[in-house]
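> whatever this is, show me its structure:
(one chain, ligands or ions: 3)
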Amino acid sequence: MTRQILVLGGDGIGPEVTAAAERVLRILAGRHKLALAFEHALVGGACYDATGLFITDATMAKAKAADAILFGAEGGPKWDSLELTGPPETRSGLTRLRRELELYANLRPIRPFEALLAHSTLKPEIVRGVDFMIVRELCGGIYFGEPRGIERKGDGLLHGFDTQDYSEPEIERIAHASFALARSRRRKLCSVDKANVMESGILWRRTLTRIGERDYPEVELSHLYVDNAAMQIVRNPRQFDVIVTDNLFGDILSDGAAMITGSLGMLPSASLGTPRPDGRRPGLYEPVHGSAPDIAGQGLANPLGAIMSAALLLTHGLGRPDLAQIVERAVARTLEAGIATPDLGGKAGTGEVLAAVIEAL
Ligand SMILES: NC(=O)C1=CN([C@@H]2O[C@H](COP(=O)(O)OP(=O)(O)OC[C@H]3O[C@@H](n4cnc5c(N)ncnc54)[C@H](O)[C@@H]3O)[C@@H](O)[C@H]2O)C=CC1
Ligand SMILES: CC(C)CC(=O)C(=O)O
Ligand SMILES: [Mg+2]
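Numbering: from 1, shown residues only. Ligands and ions are numbered 1, 2, ... in the order given. Sure, this is the predicted structure:
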């Protein structure tokens, strides 16, 4: 059976790094008799320039039908400064994909490679052995809550406002995903919120506690306020196994945690929905970074976050963790050979890193 992969490179370095990830997938598919069909479409600013939309209905239909989506990045100064109104789904193709495919569980693994320990901004003795997963809730919270806007209010002043809103079922489903993941790992789940000042945080904490006590007594649940969590991640990141948090906090904490690995360009992610009746699980696989306009078009982008996202696609989207391991080993060998892009202190370009990974596959 041929599996359909929709490739949405997007903007800036997005197409550069997804092209590298696609090459790796094509080579592995050829060698291991995996029938993959790749289709490409515009998303983000590139799509807006061509169609007036950040993603078209036709591309959404392809995304819904695909076995997996390989995504690059969206946005850049040209489009970020547009004065757009309307719900977030109309202002971002990625946001529409996340929302309409209900990709609520965003997995962001933080696992530094041995060869990069000295490249972390933290000391090697702090980052050695770190292996945790940030589970970011991706379909709710302040990025989607209503009301939102910029309006002149009764006091005569302009107000910019967003709403943090989580329903109990939204918290329950990300809680189940996180507990189940923790149960399959080291059985430690840390829930991160701001329950000391936010009502949504109180409901978040209460719901996590209830579900943990009822359904996952074997998982040790702890809670941290997000400000303390940010500090603990750089103080002693080895203490964590799985961290579950909301859309905004997960976005911020994961970019910070990326520096454990040496570069934001190293972090992959998988955004997963509920399995369909036929057992296939909707999934979008993308590096955690953005479109990096400062280095776009120069062949300098680190493709390893995207390549490792392809590894997550092999595991979660195609049920081939064995092939994902081959990718991870090839990345490790590349880094051990000292081949790295400038964000990791190296001199190699995107193409040289890709060539080394392919050589090591
Ligand atoms: N998932 C997505 O599509 C995301 C999109 N964005 C968008 O990307 C644009 C730029 O946002 P920024 O805040 O600058 O974040 P960014 O993640 O694009 O870049 C932050 C810094 O990290 C560096 N960097 C990122 N990825 C790298 C890679 N693979 N190799 C080497 N260096 C890398 C960049 O050069 C830059 O200095 C904005 O339009 C933003 O909205 C930002 C984050 C995520
Ligand atoms: C649309 C944004 C929330 C993108 C982003 O920063 C991310 O997903 O990490
Ligand atoms: Mg982000």
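> next one: phi and psi at whichever residue of the stretch 201-350 of the chain sits closest to ligand 1?
As assessed by CB to the nearest ligand atom, ligand 1 sits closest to residue 290 within the stretch 201-350 of the chain, at 2.3 Å. No exception for glycine: its C-beta is placed from N, CA and C like everyone else's. With angles defined as degrees, to the nearest 10, residue 290 sits at phi -100, psi -150.
> any idea how far it is from ligand 2?
According to CB to the nearest ligand atom, to the nearest Å, residue 290 and ligand 2 sit 6 Å apart.
> residues in contact with that residue?
Listed by CB atoms under 8 Å, 6 or more residues apart in numbering, the contact partners of residue 290 are 12, 73-75.
> do residue 8 as well
18, 40-43, 59, 63, 69-72, 93, 97.
> would you list these in TSV and tack on pLDDT and secondary structure?
Formatted as TSV, these follow (pLDDT from 0 to 100; DSSP: H, G, I helix; E, B strand; the rest coil):
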residue	pLDDT	secondary structure
18	98	helix
40	98	strand
41	98	coil
42	98	coil
43	98	coil
59	98	helix
63	98	helix
69	98	strand
70	98	strand
71	98	strand
72	98	strand
93	97	helix
97	98	helix
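> show me the shaky parts of the stretch 201-350 of the chain.
Scanning the stretch 201-350 of the chain for pLDDT under 70 picks out no residues.
> just give the nearest non-adjacent residue to the residue of it found nearest ligand 2, would you?
Proximity of the stretch 201-350 of the chain to ligand 2 (CB to the nearest ligand atom) peaks at residue 251, 4.8 Å away. Nearest residue to residue 251, sequence neighbours excluded (CB to CB, 6 or more residues apart in numbering): residue 136, at 6.6 Å.
> the one you found falls within a helix, correct?
No: applying DSSP: H, G, I helix; E, B strand; the rest coil, one finds residue 136 to be strand, outside a helix.
> surely it meets residue 248?
No: the criterion here is CB atoms under 8 Å, and residue 136 misses it with residue 248 at 9.1 Å.
> of those two, which one has the most company?
Between residue 136 and residue 248, residue 136 has the larger neighbour count (other CB atoms under 10 Å), namely 28 against 17.
> list the contacts for that one?
So residue 136 contacts 106, 108, 245-247, 249-251, 254 (CB under 8 Å, 6+ apart).
> for residue 45, same thing?
10-11, 54, 74-76, 78-79.
> of the residues you listed, which belong to helices?
Among the contacts of residue 45, the members falling in helices (DSSP state H) are 78-79.
> out of the contacts of residue 45, flag the one nearest to ligand 1.
Set against ligand 1, the nearest of these by CB to the nearest ligand atom is residue 75 (2.7 Å).
> can you tell me how far the closest one sits from residue 12?
Using CB to CB, to the nearest Å, residue 75 is found at 8 Å from residue 12.
> care to break this structure down by domain?
1-109+264-361, 121-261 (automatic domain parsing).
> what's the most buried one of those?
For the domains of the chain, the largest average neighbour count (mean count of other CB atoms under 10 Å) is found in domain 1-109+264-361, namely a mean of 20.
> follow-up on the earlier one: quick one: the contacts of residue 290 as CSV, columns for pLDDT and distance to ligand 1 too.
What follows is the contacts of residue 290, written out as CSV (pLDDT from 0 to 100; distance: CB to the nearest ligand atom, whole Å):
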residue, pLDDT, distance to ligand 1
12, 98, 6
73, 98, 4
74, 98, 4
75, 97, 3
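> can you tell me which two in those are farthest apart?
12 and 74 (8.6 Å; CB to CB).
> dihedrals phi and psi, the residue nearest to residue 29 when sequence neighbours are not counted?
Leaving aside its sequence neighbours, residue 29 sits nearest to residue 36 (CB to CB, 6+ apart; 4.4 Å). Residue 36 adopts backbone torsions of phi -120, psi 140, taken as degrees, to the nearest 10.
> could you do residue 244 as well?
Phi and psi for residue 244, reported as degrees, to the nearest 10, are phi -120, psi 130.
> and residue 55, how far from residue 286?
Residue 55 sits 14 Å away from residue 286, going by CB to CB.
> actually, residue 7.
On the measure of CB to CB, residue 7 and residue 286 end up 11 Å apart.
> overlap in contacts of the two?
With CB under 8 Å, 6+ apart as the test, residue 7 and residue 286 both reach residue 70.
> would you mind listing what in the stretch 101-250 of the chain touches ligand 1?
Counting by CB under 6 Å from any ligand atom, no residue of the stretch 101-250 of the chain lies close to ligand 1.
> which residues touch the nearest residue to residue 318 once chain neighbours are set aside?
Computed as CB to CB, 6+ apart, the closest residue to residue 318 that is not its neighbour in sequence is residue 3, at 5.9 Å. If you count contacts by CB under 8 Å, 6+ apart, residue 3 has them with 34-37, 67-68, 317-318.
> for residue 346, same thing?
Contacts of residue 346 (CB under 8 Å, 6+ apart): 338-340.
> at 10 Å what do you get?
Residues near residue 346 by CB atoms under 10 Å, 6 or more residues apart in numbering: 119, 302, 335, 338-340, 352-353.
> quick revisit: out of the contacts of residue 290, who's nearest residue 186?
residue 73 (31.5 Å).
> wait, that closest one sits on residue 269?
No: applying CB atoms under 10 Å as the test, residue 73 and residue 269 come out as separate, 11.5 Å apart.
> any common contacting residues for the two?
What both residue 73 and residue 269 touch, as defined by CB under 10 Å, 6+ apart, is the set 286-289.
> do you know how far the residue nearest the centre of the chain is from residue 258?
Compute the mean C-alpha point of the chain, and by CA atoms, centre = their mean the closest residue is residue 269, 3.4 Å away. Using CB to CB, residue 269 is found at 11 Å from residue 258.
> alright, I will stop here.
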